[in-house]
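Trainee: pasting the sequence and the predicted model now:
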Amino acid sequence: MSTLKAVRGTRDLLPPETALWNRIEATARAVFARYNFGEIRTPVFEDTGLFARSVGEETDIVSKEMYTWEDRARAQSEKTQSLTLRPENTAGVVRAYIEHGLGESGLLQKLYYIGPQFRRERPQKGRYRQFSQIGAEVIGPPSSGSESPLRDAEVLEMLATLLDELGITGWTLELNSVGSTADRARYNDTLRAALAPVVGQMCVDCQRRAVTNPLRVLDCKVPADQPIIETLPVIADSLDDASKAHFAAVLAALDAASVPYTRNHRLVRGLDYYTRTTFEFTHGGLGAQNALLGGGRYDGLSEAIGGPKAPGIGFAMGEDRLVLTLQALEAPQPLVADAFIAPLGENLNAAALVLARELRHQGLWIELGEGSFRLKKSFEAANKTAHTIVILGEDELQSGILTVKTFATGIQTKVPRAELAVFLSKPAGE
Ligand code: AMP
């Protein structure tokens, strides 16, 4: 029988890398808290119809990347239900917003999530079939100010702060406005007309998109199509005055807060629900999959899935890509305990557990050795896992004076048990 492996496109995350994941999540939670966001956790699978109606039938995600199955009926009278592993989390958050009547308070809802998403994409570096997103949504009835360009600017400023606090230097913010639904419809017509004479020279996907959803042509990555795409009209020229003024106000607020950005007329994003502001933060260190995060405004999404009018704006960051970026920027941090406790004989194992408990209660990271080990083996294990070794023999136990060796300096000292925690918490060499 062949050995079982993690499924293609999925990965095991192991220590010490998981420490980096935890640090990213802790930083994100701390920043979100300062901006007064609360956490939401929605189910990992939802009714398939939710994604078809929100993300869009024509998108790559819905048309070819979802993990969908027919859930068995429990009784003959019951219908089967089509379920899907969530490919993104905004649809689930908006569904929950509607289901729990979160808009009824009249207040702006500011929600963040951290969790796995699933897309059947071709796996490569930075692109997986199970990946994790850290995202947030600001949504509420129009009376809560949810449509204001200030909200867009605040979310973007928060993202700049979060990336800076994570230690991700050298990011670029690309911004565009895809206008209102009416603007987009107008632009789609303009694009369709502009594409008609040239689309025959483009890839088959573009030929299909030119008919079904011309906006998606701008996402095309086929090199031969790029010169044609460059000549197409830009969406900025199809925006009405209200959309133009909204976008101008977002840019003015970003300028005031000194958040740097560049405008990208082709940034229409892969999900159909976006309106007005769309954005992406990219990082040069990531190679082909260079998007760290993406997001935008989705003023009509709640209504599209049967809810009340609830404009909103949100984003999703690829946590896997944050990890890759940070790994390229910093040396890996091995997990090293403050001390390794080496009992000299199995009869001292229980005493060693008590000493470890004492030190751990004082906040130290302790690796517990094993009394059946020879001292040489304890030293070898300690050297790989801890900054110091604490030797616990019969003499040490009786006298309460422990022998401690600090590996960085090679110095061996006697330390009274009562002073041990303070001694071990000092950085090596002090
Ligand atoms: P989207 O939900 O498509 O707007 O994507 C938002 C962010 O999620 C992207 O900028 C990526 O950082 C990340 N992301 C999307 N798809 C994947 C994937 N298959 N693997 C890893 N990260 C992804």
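Mentor: Structure's in. What do you need? Numbering: from 1, shown residues only.

Trainee: host element of residue 292?
Mentor: Here residue 292, judged by DSSP states H and E, is contained in strand 291-297.

Trainee: how far off centre is that strand?
Mentor: Here strand 291-297 is found 11 Å from its chain centre; the criterion is C-alpha atoms, centre = their mean, to the nearest Å.

Trainee: tell me who's in contact with residue 263.
Mentor: Contacts for residue 263 (C-beta atoms under 8 Å, 6 or more residues apart in numbering) come out as 174-176. The way it works is simple: take the backbone N, C-alpha and C, and place the C-beta from them, glycine included.

Trainee: nearest to the ligand among those residues?
Mentor: Among the contacts of residue 263, residue 174 lies closest to the ligand (C-beta to the nearest ligand atom), at 11.3 Å.

Trainee: rewinding a little: is the ligand within reach of the strand holding residue 292?
Mentor: Yes. Using C-beta under 6 Å from any ligand atom, strand 291-297 comes into contact with the ligand via 291-294.

Trainee: now do stretch 15-32
Mentor: No. Interface with the ligand: stretch 15-32 contributes nothing (C-beta under 6 Å from any ligand atom), its closest point being 12.6 Å away.

Trainee: list the buried residues in that stretch.
Mentor: Neighbour counts over stretch 15-32 (16 or more other C-beta atoms under 10 Å) mark 20-21, 24, 27-28, 31-32 as buried.

Trainee: from those, pick the one nearest the ligand.
Mentor: The closest of the buried residues of stretch 15-32 to the ligand turns out to be residue 24 (C-beta to the nearest ligand atom; 12.6 Å).

Trainee: which SS class is that closest one?
Mentor: Secondary structure for residue 24, judged by DSSP: H, G, I helix; E, B strand; the rest coil, is helix.

Trainee: likewise for residue 371?
Mentor: coil.

Trainee: distance of it from the ligand?
Mentor: Going from residue 371 to the ligand by C-beta to the nearest ligand atom, to the nearest Å gives 46 Å.

Trainee: need the contact list for that residue.
Mentor: By C-beta under 8 Å, 6+ apart, the contact set of residue 371 is 343-349, 352.

Trainee: so where's this structure shaky on pLDDT?
Mentor: Applying pLDDT under 70 to the chain flags the ranges 1, 270, 427-430.

Trainee: contacting residues for the residue of the chain found nearest the ligand?
Mentor: Residue nearest to the ligand within the chain (C-beta to the nearest ligand atom): residue 318, separated by 2.2 Å. With C-beta under 8 Å, 6+ apart as the criterion, the residues that contact residue 318 are 126, 131-133, 291-293.

Trainee: apply 7 Å and report the result again.
Mentor: 131, 133, 292-293 (C-beta atoms under 7 Å, 6 or more residues apart in numbering).

Trainee: most neighbours among those, which one is it?
Mentor: Compared across the contacts of residue 318, residue 292 has the highest neighbour count, 26 neighbours, by other C-beta atoms under 10 Å.

Trainee: isn't that one right up against residue 283?
Mentor: Yes. Counting by C-beta atoms under 7 Å, residue 283 is a contact partner of residue 292 at 5.2 Å.

Trainee: which of the residues of strand 291-297 next to the ligand sit farthest apart?
Mentor: 292 and 294 (8.5 Å; C-beta to C-beta).

Trainee: tell me what the host helix or strand of residue 248 is packed against?
Mentor: Residue 248 is part of helix 241-256, with elements assigned from DSSP H and E. Contacts defined by 3 or more C-beta pairs under 7 Å, 6 or more residues apart in numbering; DSSP states H and E place helix 241-256 against helix 149-166, strand 275-283.

Trainee: which parts of the stretch 201-350 of the chain are helices?
Mentor: Along the stretch 201-350 of the chain, counting by DSSP state H, counting those that start in this stretch, helices occupy 204-212, 226-230, 241-256, 301-304, 319-329, 349-361.

Trainee: adding mean neighbour count, write the ones you listed out as a markdown table.
Mentor: Shown next, in a markdown table, are these (neighbours: other C-beta atoms under 10 Å):
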| stretch | mean neighbour count |
| --- | --- |
| helix 204-212 | 15 |
| helix 226-230 | 13 |
| helix 241-256 | 16 |
| helix 301-304 | 20 |
| helix 319-329 | 19 |
| helix 349-361 | 16 |
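
Trainee: next, count neighbours for the closest residue to residue 352 other than its chain neighbours.
Mentor: Excluding the flanking residues, the one nearest residue 352 by C-beta to C-beta, 6 or more residues apart in numbering is residue 343, at 3.8 Å. The number of residues packed near residue 343 is 27, by other C-beta under 10 Å.

Trainee: residue contacts, residue 343?
Mentor: Residues near residue 343 by C-beta under 7 Å, 6+ apart: 349, 351-352, 369, 371, 392.

Trainee: my guess is residue 173 contacts residue 264. True?
Mentor: No. Counting by C-beta under 7 Å, residue 173 sits too far from residue 264 to count as a contact (9.7 Å).
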